[in-house]
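> kindly generate the corresponding structure for this input.
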Amino acid sequence: MKRLKFELTTLWYCLFLVPIPGVLGIIAIKAFHIDFSYLGPFGDFFAGTTVPILTFISFLAIVITLKMQKEQLEMQGKQLEMQNEELRNSIDEMKATRKEFELQNKTLSIQRFENTFFQMVNLHIDIVNAMVYEDSMSSNKVGRNSFFYFYQALNDSYRIHVKNTFNNDFLNKNEIDRVRINYHSFFLKNEDQLGHYFRNLYRIVKFIDVSELLELEEKKTYIGILRAQLSSTELAFLLYNSLGLHGYNFMILMHKYNLLDNLNSKILIKEEHFDLYMTEANLYSNEEAIM
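Next up is the predicted model:
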């Protein structure tokens, strides 16, 4: 900027000096009463000396003008770069604000998910506490303790089917069909107690599975919280329920999230029933993947 002021000052000085010889000549003519006829050689001399000077000054003016234009263009370029930098900073700030908003929104969404999830778990606990196994030989069994007696009844039902020598149709079935027939007849007798339990449990697992907020590992964490609420007897019941005639949807989710991971196969009616479950679960899961 200082350089530009210096060049402009120089140009103005040069322009100011150009008319000085002419002005001095006019003053001299007036002061000394010089005859105009004697001024021819002086005019030729003056023209010969001033024309190159004017040409040089014109050239100098052009050079200075070009430099001024160049510096103005450079200044405009710097201003444009500053504007671009400000624009980039604004875009970065907008991205950061948007990311922060998305993070806050996800946090709120997860909080809503967790509130719903734990309400469903509490409902599951309430359902378990309200369950009753009616025992004609002694007092009724209530709450989680009732599962042991429900499961014992399921086990006894299977033994009775096997020992019934008149039930050749049952004995001629393969093992998976025996399991299904036994569970179906048992469930029909106890649906008023067990139906709500299994439907609510399936709804909780399905709620976790369809959530778009959670990654797979996060979903498994919530499944783990749910699994911690289940006793060994409940896990065994889940296995037989999934092997039932209408349990394949639940079976796919149970297999996907290893819901029976802590099940001790020794408490099953037969230990081989766990292998039946794994075979069926893999089959249904593969069919689901193809679809």
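
> which SSE is immediately downstream of the helix ranked longest in the chain?
Longest helix in the chain by number of residues (criterion: DSSP state H): helix 39-130. Scanning forward in sequence from helix 39-130 by DSSP states H and E, the next helix or strand is strand 132-133.

> you'd agree S138 is in a strand?
No. Secondary structure assignment places S138 outside any strand; it is coil (DSSP: H, G, I helix; E, B strand; the rest coil).

> read off the pLDDT value for it.
Note on S138: pLDDT of 73.

> could you pull up phi and psi at it?
For S138, the backbone dihedrals (degrees, to the nearest 10) come out as phi -150, psi -170.

> so which bits of stretch 217-226 are buried?
Across stretch 217-226, burial judged by 16 or more other C-beta atoms under 10 Å covers 219-220, 222-223, 226. From N, CA and C alone the C-beta is placed, and that goes for glycine too.

> related to what we said a few turns ago, for the longest helix of the chain, name the packing helices and strands.
helix 2-17, helix 20-32, helix 175-209, helix 216-227 (3 or more C-beta pairs under 8 Å, 6 or more residues apart in numbering; DSSP states H and E).

> what is the shortest one packed up against?
In other words, helix 216-227. Using 3+ C-beta pairs under 8 Å, 6+ apart, helix 216-227 sits against helix 39-130, helix 175-209.

> got CSV for the ones you listed, with distance to I269, mean pLDDT and mean neighbour count too?
CSV is the format used below for the helices and strands packed on helix 216-227 (distance: least, C-beta to C-beta, whole Å; pLDDT from 0 to 100; neighbours: other C-beta atoms under 10 Å):
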stretch, distance to I269, mean pLDDT, mean neighbour count
helix 39-130, 22, 81, 12
helix 175-209, 8, 95, 16
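
> quick one: contacts for the nearest residue to N129 once chain neighbours are set aside?
Closest residue in space to N129, ignoring its immediate chain neighbours: G143 at 4.8 Å, by C-beta to C-beta, 6 or more residues apart in numbering. With contacts defined as C-beta atoms under 8 Å, 6 or more residues apart in numbering, G143 is in contact with 128-131.

> can we see that at 7 Å?
128-129, 131 (C-beta atoms under 7 Å, 6 or more residues apart in numbering).

> walk me through the domains of this protein.
Annotated domains of the chain cover 2-99, 131-290 [automatic domain parsing].

> how about these in a markdown table, adding distance to F118?
Shown next, in a markdown table, are those (distance: least, C-beta to C-beta, whole Å):
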| stretch | distance to F118 |
| --- | --- |
| domain 2-99 | 28 |
| domain 131-290 | 9 |
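
> so which of those domains is nearest Q111?
Closest to Q111 of the domains of the chain, according to C-beta to C-beta: domain 131-290, at 10.4 Å.

> mind checking which of the helices and strands packed on helix 216-227 is nearest N155?
Between the helices and strands packed on helix 216-227, helix 175-209 lies closest to N155; by C-beta to C-beta that is 9.4 Å.

> quick one: the closest one to chain centroid distance?
36 Å (C-alpha atoms, centre = their mean, to the nearest Å).

> now do that helix against helix 39-130, angle only.
If you take axes from the mean of the first three to the mean of the last three C-alpha atoms, to 10 degrees, helix 175-209 sits at 140 degrees to helix 39-130.

> tell me what angle helix 175-209 forms with helix 216-227.
Going by the same axes, to 10 degrees, helix 175-209 makes 110 degrees with helix 216-227.

> got the helices and strands packed on helix 216-227 as TSV, with distance to N168 columns?
As requested, the helices and strands packed on helix 216-227 are exported to TSV (distance: least, C-beta to C-beta, whole Å):
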stretch	distance to N168
helix 39-130	39
helix 175-209	13
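
> closest to K106 out of the domains of the chain?
domain 131-290 (6.6 Å).

> circling back: for I110, find the nearest of the domains of the chain.
domain 131-290 (5.8 Å).

> how far does that closest one sit from the chain's center?
The answer for domain 131-290 is 35 Å, by C-alpha atoms, centre = their mean.

> please renumber the chain so that the first residue is 3 from this point on.
Yes, from this point I'll number from 3; that puts the last item at domain 133-292.

> circling back to that earlier point, and the buried residues of stretch 219-228, which is closest to R114?
Y224 (13.8 Å).

> got the contact list for the residue lying closest to the closest one once chain neighbours are set aside?
Spatial nearest neighbour of Y224, excluding adjacent residues (C-beta to C-beta, 6+ apart): I210 at 5.0 Å. Residues near I210 by C-beta under 7 Å, 6+ apart: 221, 224-225.
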